[in-house]
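Undergrad: predicted model and sequence follow; I will ask about them next.
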Amino acid sequence: MVYISFLKLPKIKVAGLLSLALLLGCAGPKQRVHDSPVGNDFVYKYYAPEKSHQKSIGVIALGGSGGGIEGASSLAAELSKYNVGALAVSYFGSDNLPSELELVSLEYVTKGIGFLQRQPSIDKNRIGILGVSKGGELALLLASKFPEIKFVIAFSPSNVVFQSIAPSKNWPRTSSWSYGNKAVDFLPYKYQETGTLFDLYKNSLEQEKLYDSAIIQVEDINGPILLFSGTKDEIWPSTWMCEKITRRLNEHDFDFEVKHLVYKNAGHIFSTKSNHIDDDNTAGGNGNSLAFGKSWNEIGDFLKTIK
């Protein structure tokens, strides 16, 4: 367990978020991909599907708070095993993009929708999104606002928009995302003298007067949703937040299937395979290898239902 003093904010950067960033930035297996041109204002790696008589599903893949393209590319590499067109998108931390996760434009990320729609091998009516951690938060938020996204897969997501992660600016009280040139309503951090990163997020969720306005309107999503969480998540209470998502969907008579799978002893990160997936770390869990295999089998079955 890593403990952090929130009176000295740089320790969050060192002990918590940057450790998570390293884990979320683990590269996947080497495969042939189509990279965005150097200097391009849209940073991506595209894993094209194998040639087929039928058009394939397209999926946008979003990494977490590690930034850059590596984490998303690992997810896209896994997705490509199911013969989908998998588009890894970097939304900060790459050249020509914001250096930190603050006020990231939703419209920027939706360039991925247009990219997939232009691919002759992709079915324009079967484009979805997959995200991990902050990328899961982003995936749900994007799908709630852009009906072209027809399904969502999210590992360890949030049910609310949280404050930005911008340590070099001394943790400003700003949103992670923007839409229509305006900040998306968000839940600010509620700091305390000592505690873990998990405690920070848990305490922040208890701010009743600010909580409701930060909730992601998941009932507006235009397709089925598949959620994963682990009981040993040490970053934030992902299982609790996923349960909040499913409850909200039920209360709004959601028209599509929603499934939340909870893996015992899995931590925050089990969406990609690595040599250290079950090591003790700030993300938690020693059942991540098992959760990795089971979750991707579920994803394979889920993708078969997208017609």
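TA: Sure thing, it's come through.
Undergrad: mind listing what's buried in the helix of greatest length in the chain?
TA: Longest helix of the chain, by residue count under DSSP state H: helix 288-304. Neighbour-count burial for helix 288-304 flags Asn288, Leu290, Ala291, Phe292, Lys294, Ser295, Trp296, Ile299, Phe302, Leu303 (criterion: 16 or more other C-beta atoms under 10 Å). C-beta here means a position set from N, CA and C on the backbone, and glycine is covered the same way.
Undergrad: repeat for stretch 167-186
TA: Those would be Pro167, Trp171, Thr174, Ser175, Ser176, Trp177, Ser178, Tyr179, Val184, Asp185, Phe186, for stretch 167-186 by 16+ other C-beta under 10 Å.
Undergrad: distance between that stretch and the chain's centre?
TA: Distance, stretch centre to chain centre, for stretch 167-186: 17 Å (C-alpha atoms, centre = their mean, to the nearest Å).
Undergrad: next, the distance between the ends of it.
TA: Distance between the two ends of stretch 167-186: 17 Å, counting by C-alpha to C-alpha, to the nearest Å.
Undergrad: contacts for it, please.
TA: Outside stretch 167-186, the residues within contact range by C-beta atoms under 8 Å, 6 or more residues apart in numbering are 9-10, 12-13, 17, 99-107, 134, 137-138, 141, 145, 160-166, 188-189, 213-214.
Undergrad: please apply the same query to stretch 42-58.
TA: Residues external to stretch 42-58 that are found in contact with it (C-beta under 8 Å, 6+ apart): 31, 33-36, 69, 72-73, 76-77, 79-80, 83-90, 94-97, 108, 111-112, 115-117, 119, 121-123, 126-128, 303, 306.
Undergrad: could you tell me the end-to-end distance of that stretch?
TA: By C-alpha to C-alpha, the extent of stretch 42-58 from end to end equals 17 Å.
Undergrad: and Phe270, how many neighbours does it have?
TA: For Phe270, the count of nearby residues is 30 (other C-beta atoms under 10 Å).
Undergrad: can you pull the contacts of it?
TA: Taking C-beta under 8 Å, 6+ apart, we find Phe270 in contact with Phe155, Phe228, Gly230, Tyr263, Ile277, Gly285, Asn288, Ser289, Ala291, Phe292, Ser295.
Undergrad: circling back to that earlier point, now, which of the contacts of stretch 167-186 lie within helices?
TA: Per DSSP H, the contacts of stretch 167-186 map to helices at Pro10, Leu106, Glu107, Lys134, Glu137, Leu138, Leu141, Lys145, Ser213, Ala214.
Undergrad: on that earlier part again, give me the PyMOL select line for the contacts of stretch 167-186, limited to the buried ones.
TA: In PyMOL, this line selects whichever of those come out buried by 16+ other C-beta under 10 Å:
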select buried, resi 12+13+17+100+101+102+103+104+105+106+134+137+138+141+145+160+161+162+163+164+165+166+188+189+214
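Undergrad: any of the contacts of stretch 42-58 buried? List them.
TA: When the contacts of stretch 42-58 are checked for burial by 16+ other C-beta under 10 Å, the buried set is 33, 36, 69, 72-73, 76-77, 79-80, 83-90, 94, 97, 108, 111-112, 115-116, 119, 122-123, 126-128, 303, 306.
Undergrad: quick check: beta-bridge partners of the residue nearest to Val184 when sequence neighbours are not counted?
TA: Spatial nearest neighbour of Val184, excluding adjacent residues (C-beta to C-beta, 6 or more residues apart in numbering): Trp177 at 4.4 Å. Per DSSP bridges, the residues bridged to Trp177 are Val104.
Undergrad: likewise Ile153?
TA: Bridge pairing for Ile153 - DSSP bridges - gives Leu130, Leu226.
Undergrad: any idea how many residues pack against it?
TA: With neighbours defined by other C-beta under 10 Å, the count for Ile153 comes to 28.
Undergrad: that one against Ile299, yeah?
TA: Yes - using C-beta atoms under 8 Å, Ile153 is in contact with Ile299, at 6.1 Å.
Undergrad: hey, what's in contact with both of these two?
TA: Joint contacts of Ile153 and Ile299 (C-beta under 8 Å, 6+ apart) are Leu130, Leu226.
Undergrad: tell me if I'm right that Leu142 and Ser105 touch.
TA: No - at 10.9 Å, Leu142 does not count as touching Ser105 under the criterion of C-beta under 8 Å.
Undergrad: mean confidence score for the longest helix of the chain?
TA: The pLDDT scores in helix 288-304 average 95.
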